[in-house]
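> pasting the structure only:
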C-alpha cells in the first residue's frame, strides 16, 4: 500500500528532519484523501469544505445547491481472499497427506488441482498421461463444506429457472465420468470439464469413505432442459471440431434422403391434396426443375423439396402412403432436418423461397404438435416476408410474373395464419391490415402464368387460387375486428365513441355475412332443402356410426373412393365456410360486449337466438360437405370448429333454460366434435399420442 513505503523509509533513516517532512507529507495526503460527501461523490466533483478535518461539516456545493450534505457512503475494502482457491489448496493438501499415509512407498508426486487448472497445456504434453493411471487430482475428495441454509426467495415478476430449484429434485446422471480410459481427451482440458470430473470423483470417493448421505455430498444443480436430459440416455460422441454452417450449404441428391420414386410420389400427393389450401408453389416450373435435378446444383431448391415433402407427409391420411406410420414420421423428420441445415446458412440475401420453406416448416411443426417451434418458424417466415417487403405493392415492380404471384400467395397465407393464431391463441397480430398495400393474387391457374407474361384464364374455368383469395378477404375482416378489440381493451370507448364503435362492428357483421355471396359457383355451399336440425337422419347414434365408418374407411382403406378428397373446391368450401362462421362468431361476441357497455344489460333471448343461428349454420356446413373433404383439411379446421362449438356449449350449460331446438342443435354439434376429434387423431403419426396433444391452430 502507498502508506507502507514512507513508514519503512522513516524507520530506516536516521535523519530527524526527513522523518518530520515525511510525516507532514503523510498528513497532507491523508487530508487530501478525506471522504467526500454523497452529493459530490455522485456528481464526481471535488468536495469543498472549509475545515477538512471536520467530517460532518457541510460542503460549499451543498450549501449553494440548498441540499443536505450527507456522508453515508462506506468505502469498500479491497476484497476478501480467494476462498475457492484456498479450499482447493486445502483439499489438495489433505489428499496428499492421505495418499502419503495410505501408500508410503509411492514416490510419484501428485500434481495439485490448481496447477492442473492453471496450465492445461502442460498437462497435454506430459509424457506420463498416456501410459499411467488417471492423475491423482481426479481421485481425492474435497473436505466437507458446511451446508447452506435454505432461504426462501420472494416471488419475482420475472421468474428464472433457479427459483424452482429444490433439494429433492432427482439428479440426472446419464453421462458417467467413468468413460475415462487413461488418456485425457482434449475436451476435458478446459476448466469446466476438468472441474466437473474432479468434483464427481470426489463426491464418489466421499460416499465410499464416509458413507455420507446424498444430501451431504457435493452436487450440481439438476438439469431442467427436457431435450438435453433425453439425449443423456445415449452416448454422446465428443466432436473434434464444429463444422461451419457453410458445410451444410452444398448440393445434395434426393436419393440421399429417400428413393427418387418415393419423393416424386409424395410431391404428386402434395399437388393433389395439399396444394389447393397452400398454393404457394408454381407447379410447372417446380416440376421442370425437379426433373432437371436442380437440387444437385442449387442447395436452396433441395431445401424447398425437403420442406414440401415433410409438410406433405404430416398432412396426408395414412392410407395414401404405402408405408408404416413410424417410417413416415422418420422420413418427415429427416426431410425437415435436411432442409433446416441448408437454410440456416443461407439467409443472406433472403428470397421468396426462404419464406415458402419456413411456412412449410410451420405446418410441419403444427401437425407434429411442436407448438413453440411452430411459432418460431412462423416468426421467421413473417419477418423474412417483411424484409422482402411482400406487404407493399410497390415492391413487386420489375418482378417476373411467376415470382410476383408466388410472393403474393405466400404473403396472404402468412396473413391468414397470423389472424387464425391470434384468435385461437389470444396472441397479438404481427401483420396488420392497415400496413399492407399488396393486392390479392391474380385468379389464374399455374399453367397460365409464364416467366414472361400472364395468359388469359379460359372462360368458365375457376382458378384454384380463388379459394385463397376469398379466405384472405375473410381474414382481412377478422384483422379489422381484432385491431378494434385490442384498441378498446386498452382504452374502452365511452359515450358517442362507443356508439360509433358499435356501428363499425355492425357494419363488419354485415360484411362477413355477405363475404361469400359473390363466390364462384364451385365454391358455393350446396344447401339441402331440409335443415339438419329438423332432419331425422341427422344426429343420434345412427349418424355417428355411419360417419365414423366413413372416417375409418377414408384413413385406413387404400382402395376407398377419393373423389371428394380430390375435388379441390369441396375441400376449400369446408375451409371457407367454417372460417366465415368463426369470424362471424367473434364479431357477434364483441357486438354484445359493446351493447352491454352502452345499455347495461342484454336481451338474453336475442343472444340465445344469435348463438343458435351460429350453431345451426356451422352444423349445416359440416352436414352438406362430404366428410372426406372435411377430413382433407386436417387439424386446422378441427381447431376452428372446436373454438366456436366449445364456447356455444359452455353458454348452453350456463343457461338455466334453452329452447328445445337450440339444445338439439348443440347436441348434434357435440356429435360432430367427436367425429372431428377422430379425424384429428388419425393425422397423428405416433400411435402413443391422442388427438388432444396440440392446442394451437393455424390457417392452412
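Yep, that arrived. Model, not experiment: these values are computed from the prediction. Numbering: from 1, shown residues only.

> Now do the helices in the stretch 401-550 of the chain.
401-425, 466-490, 496-513, 540-556 (DSSP state H, counting those that start in this stretch).

> Please identify the most buried of these.
Across the helices of the stretch 401-550 of the chain, averaging neighbours per residue (mean count of other C-beta atoms under 10 Å) puts helix 401-425 on top, at a mean of 23. Quick note: C-beta positions are derived from backbone N, CA and C, even for glycine.

> tilt between that one and helix 466-490?
40 degrees (axes from the mean of the first three to the mean of the last three C-alpha atoms, to 10 degrees).

> Any regions of this protein where pLDDT drops low?
Within the chain, the stretches with pLDDT under 70 are 1-34, 55, 76-82, 84, 100-239, 527-543, 647-669, 671, 684-700.

> hang on, residue 395 packs against residue 387?
No: between residue 395 and residue 387 there is no contact under C-beta atoms under 8 Å: 10.6 Å.

> Let's have the helices of the stretch 401-550 of the chain in JSON lines, adding distance to residue 255.
Converted to JSON lines, those look like this (distance: least, C-beta to C-beta, whole Å):
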{"stretch": "helix 401-425", "distance to residue 255": "27"}
{"stretch": "helix 466-490", "distance to residue 255": "34"}
{"stretch": "helix 496-513", "distance to residue 255": "50"}
{"stretch": "helix 540-556", "distance to residue 255": "30"}
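
> Of those, give the one that comes closest to residue 633.
Residue 633 sits nearest to helix 466-490 of all the helices of the stretch 401-550 of the chain, at 11.5 Å, using C-beta to C-beta.

> Could you identify the longest helix within this protein?
Longest helix in the chain by number of residues (criterion: DSSP state H): helix 568-599.

> Just name whatever secondary elements that one is in contact with.
helix 401-425, helix 466-490, helix 496-513, helix 604-624, helix 627-633, helix 635-654 (3 or more C-beta pairs under 8 Å, 6 or more residues apart in numbering; DSSP states H and E).

> can you rerun that using 7 Å?
Helices and strands touching helix 568-599, as assessed by 3 or more C-beta pairs under 7 Å, 6 or more residues apart in numbering; DSSP states H and E, comprise helix 466-490, helix 496-513, helix 604-624, helix 627-633, helix 635-654.

> Buried residues in that helix, which are they?
Within helix 568-599, the residues that count as buried by 16 or more other C-beta atoms under 10 Å are 568-595.

> again, but for stretch 384-394
Going by neighbour count (16+ other C-beta under 10 Å), the buried part of stretch 384-394 is 384-386, 388, 390-391.

> Would you reformat those as TSV and include distance to residue 286 and secondary structure?
Compiled in TSV, the buried residues of stretch 384-394 are given as follows (distance: C-beta to C-beta, whole Å; DSSP: H, G, I helix; E, B strand; the rest coil):
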residue	distance to residue 286	secondary structure
384	20	helix
385	20	helix
386	25	helix
388	19	coil
390	19	coil
391	24	coil
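
> Of all the helices and strands packed on helix 568-599, which one comes closest to residue 682?
Nearest to residue 682, of all the helices and strands packed on helix 568-599, is helix 627-633, at 7.9 Å by C-beta to C-beta.
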